[in-house]
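[1] next come a sequence and a model predicted from it.
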Amino acid sequence: MIEPSRWCDRTLILTPIFYCLVLTEDAYYEECQRFGVARADWGAWMHTPTSHATTTYLDAHDGEKLAIVSMQGHEKRTPIQVAGLLVHEAVHLVQRYCERVGEHQPGAEFQAYATQRISQELMEQYVAQTAAARLAATQPEKTVKPKMTEKADMKSDKKAGLKEGSKKDMAKDAKMGMKPGAKKANPFAKK
């Protein structure tokens, strides 16, 4: 068992803006709904159809400030391109944070650390949200045993000494509770 850590979280400042990453349009609208954003304020999940990534700033029903980072087409991008897009959006989040707290001339080192921290958070979210797809891509494909053709079935029946169609008859008999080889009543026989 792992002992609980005695070390505290080193976060110095909590941003007054809640932010998240979404990779689909449906996820964008789910988050808007979850936070009670007025439907009229939702807007489009991407600012333009050609945007690779974008950040939308919204107000939650309780007055909290939200930032939804949206990315489309990530499946077609290299990991470096994805990281670049996330860092770009992280810079916008840092800029919005500074505006929000009235910091008009933030120090260069503060900006660098803040951008690094938000970038890492977005990248961790990206990895978590795409883990299932990456895992599926590394799994070997399941092979499906091809069905025998009727002709091949008849050849295997002959090898086993069965008459044409007798395997099917045996299966039907078993379903009806009849023992193999039991005499069947002929429904068409004259009485």
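    Cool, got the structure. Numbers count the residues shown, from 1 in each chain.

[2] now Val22, nearest residue through space, not along the chain?
    Tyr28 (4.7 Å; Cβ to Cβ, 6 or more residues apart in numbering). Quick note: C-beta positions are derived from backbone N, CA and C, even for glycine.

[3] distance of that neighbour from Ala137?
    From Tyr28 across to Ala137, the span is 24 Å (Cβ to Cβ, to the nearest Å).

[4] more neighbours: which of those two?
    Shown here are Tyr28 and Ala137; by other Cβ atoms under 10 Å, Tyr28 has more neighbours (22 against 8).

[5] ok, then the element right after whichever strand or helix holds the more buried one?
    Here Tyr28 sits within helix 25-34, counting by DSSP states H and E. Downstream of helix 25-34, the next assigned helix or strand under DSSP H and E is strand 53-59.

[6] any residues touching that following strand, and which ones?
    Under the contact criterion Cβ atoms under 8 Å, 6 or more residues apart in numbering, strand 53-59 has outside partners 17, 19, 28, 32, 35, 37-38, 41-43, 45-48, 65-72, 85-86, 88-89, 92-93, 96.

[7] centre of the chain to the helix holding Tyr28, how far?
    Put simply, helix 25-34 sits 14 Å off its chain's centre (Cα atoms, centre = their mean, to the nearest Å).

[8] how about it: buried residues?
    By neighbour count on 16 or more other Cβ atoms under 10 Å, the buried set for helix 25-34 is Ala27, Tyr28, Tyr29, Glu31, Cys32.

[9] so what does the helix ranked longest in the chain touch, helix or strand wise?
    Counting residues, the longest helix found in the chain (DSSP state H) is helix 108-138. Under the contact definition 3 or more Cβ pairs under 8 Å, 6 or more residues apart in numbering; DSSP states H and E, helix 108-138 sits against strand 17-22, helix 79-101.

[10] elements contacting the last one?
    For helix 79-101, the elements it packs on are strand 17-22, strand 53-59, strand 65-71, helix 108-138, judged by 3+ Cβ pairs under 8 Å, 6+ apart.

[11] below-threshold pLDDT in the chain: ranges please.
    Applying pLDDT under 70 to the chain flags residues 1-5, 142-191.

[12] go again using 80 as the cut-off
    1-6, 8-10, 12-13, 134, 136-191 (pLDDT under 80).
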